[in-house]
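> how does the following fold in three dimensions:
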Amino acid sequence: MPADVLLRGLRTGLTPFLGLPLCIDPRPAAGVVLGVPCDAGVINRPGARLGPWALRAASMGLGTHPMPERLREGAPVLGPAAAHGWLDGGNIPTLPFSLAGALDTVQATVGAWAMNGCRTFMLGGDHSMTLGALRALAHQHGPLGLLHVDAHPDAADGAAWGTDIHHGTWLRQAIEENLVDPERVMQAGLRAPRFDEDELTYLQAAGVRMWTPADLRDPLLALALKKDLAAVGRGPAYLSLDLDALDPILVPAVAEPVPGGLSMAETLHLIHAARQWPEPWVGADLMELAPPLEGAEASARVAVHLALHMLA
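Numbering: from 1, shown residues only. Below is the predicted model:
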């Protein structure tokens, strides 16, 4: 990280994500990082509202150039280049006790940056906030493709908790509001227990492609995996990563940890697949880090490295 970035952090006491320029007024740029300090949609273990601060702190000193995947001469494809041209737009001012109000604020803020030609990258915050971003971006681009990396399908009907919107319902809402094209939606890492089969039945009927960790590791399914990943990017697409997709040995500080998750390498493989899409994704997020929970510092460090690869 350049010395001037480190000195600016020391002088101001502010820690922009990856040392990116801080700018809270929407303007043209390659993209903008936006914190979403809201966990009003969490069912079980709260704390994700503090995620943006923990992720910015963990990014201090990392810089914007991830290490290439391969360095030896003659090795295949190198990794991503760098997070050039990105800004840190600060936090979206979501109020903590109104989920509907928070979604409206996310939609308005993401929409304002997107109208200036920016891709948006949200640091969560709970996963229900993704719905606000999808509303803004679908208004501009039409129904989106979606690569959703998560332990949970997030397509419940909400009846068990008496609400249509929480962090386990947002994808059903997005499908019903025509924000995503179900035939260009792929979910990876699914493994969490459920109350019933309704979510899976709903998603299968809609045409969503669903992958468990065991599916992703099966060499006989490699061609099908490549096709499903490519289908997401046939048009404007969104990339959403819930940190509980990873194994809780790596990322324990999440609301709903589920054993048997993805490794770092497996998660990076999914992220890097987006480089093969004809156009860059229009929006993305990294959600559900809960700093008050055990293992938060290590979890944030893993999350920041994933975020850097997403931006680059």
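
> C-alpha from now on. contacts and neighbour counts both.
Fine.

> confirm for me that Ala48 is in contact with Asp39.
Yes - counting by CA atoms under 8 Å, Ala48 touches Asp39, with 5.4 Å between them.

> so what's in contact with the two at the same time?
Taking CA atoms under 8 Å, 6 or more residues apart in numbering as the criterion, Ala48 and Asp39 both touch Gly125, Asp126.

> return the distance of Leu134 relative to His141.
Using CA to CA, to the nearest Å, Leu134 is found at 10 Å from His141.

> more neighbours, those two?
Leu134 (31 against 14; other CA atoms under 10 Å).

> tell me which element that one falls in.
Following DSSP states H and E, one finds Leu134 within helix 130-141.

> name the residues that touch that helix?
Here helix 130-141 makes contact (CA under 8 Å, 6+ apart) with 103-108, 110-111, 114-115, 144, 170-171, 173-174, 179-180, 236, 238, 240, 282-283, 285.

> in the stretch 201-312 of the chain, which spans are helices?
213-217, 222-232, 264-273, 296-311 (DSSP state H, counting those that start in this stretch).

> export those as JSON lines, with columns for distance to Ile92.
Listed next are the helices of the stretch 201-312 of the chain as JSON lines, based on distance: least, CA to CA, whole Å:
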{"stretch": "helix 213-217", "distance to Ile92": "33"}
{"stretch": "helix 222-232", "distance to Ile92": "27"}
{"stretch": "helix 264-273", "distance to Ile92": "24"}
{"stretch": "helix 296-311", "distance to Ile92": "18"}
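
> among those helices, which comes closest to Phe121?
helix 296-311 (8.0 Å; CA to CA).

> from the chain's centre, how far out does the closest one sit?
11 Å (CA atoms, centre = their mean, to the nearest Å).

> going forward can the numbers begin at 25, since that is how I track them
Shifting the count to begin at 25 puts that one at helix 320-335.

> against which helices or strands is it packed?
helix 75-83, helix 288-297 (3 or more CA pairs under 8 Å, 6 or more residues apart in numbering; DSSP states H and E).

> immediately after the helix or strand of the chain with the lowest mean pLDDT, which helix or strand?
Counting by mean pLDDT, DSSP states H and E, the weakest-scoring helix or strand in the chain turns out to be helix 27-36, with a mean of 62. Going down the chain from helix 27-36, the next helix or strand is strand 55-60, by DSSP H and E.

> just checking, what packs against that next one?
Under the contact definition 3+ CA pairs under 8 Å, 6+ apart, strand 55-60 sits against strand 110-115, strand 143-148.

> out of those strands, nearest to Arg94?
strand 110-115 (24.7 Å).

> ok now the next helix or strand after the closest one, how far from the chain's centre?
Once the chain leaves strand 110-115, the next helix or strand it forms, by DSSP H and E, is helix 123-139. Between the centre of helix 123-139 and the centre of its chain there are 16 Å (CA atoms, centre = their mean).

> for helix 123-139, buried residues please.
123-124, 126-138 (16 or more other CA atoms under 10 Å).

> give the rounded mean pLDDT of it.
On average, the pLDDT along helix 123-139 is 96.

> and for stretch 308-320?
Per-residue scores along stretch 308-320 average to 97.

> ditto for stretch 323-332
Stretch 323-332 carries an average pLDDT of 97.

> same check on stretch 178-194?
Averaged over stretch 178-194, pLDDT sits at 78.

> now the end-to-end length of it.
6 Å.

> run through who's touching it.
For stretch 178-194, using CA under 8 Å, 6+ apart, the contacting residues are 64-67, 150-155, 176-177, 195-197, 222-223, 226-227.

> centre of the chain to that stretch, how far?
On CA atoms, centre = their mean, the centre of stretch 178-194 falls 19 Å from the chain's centre.

> with that, I have no additional questions.
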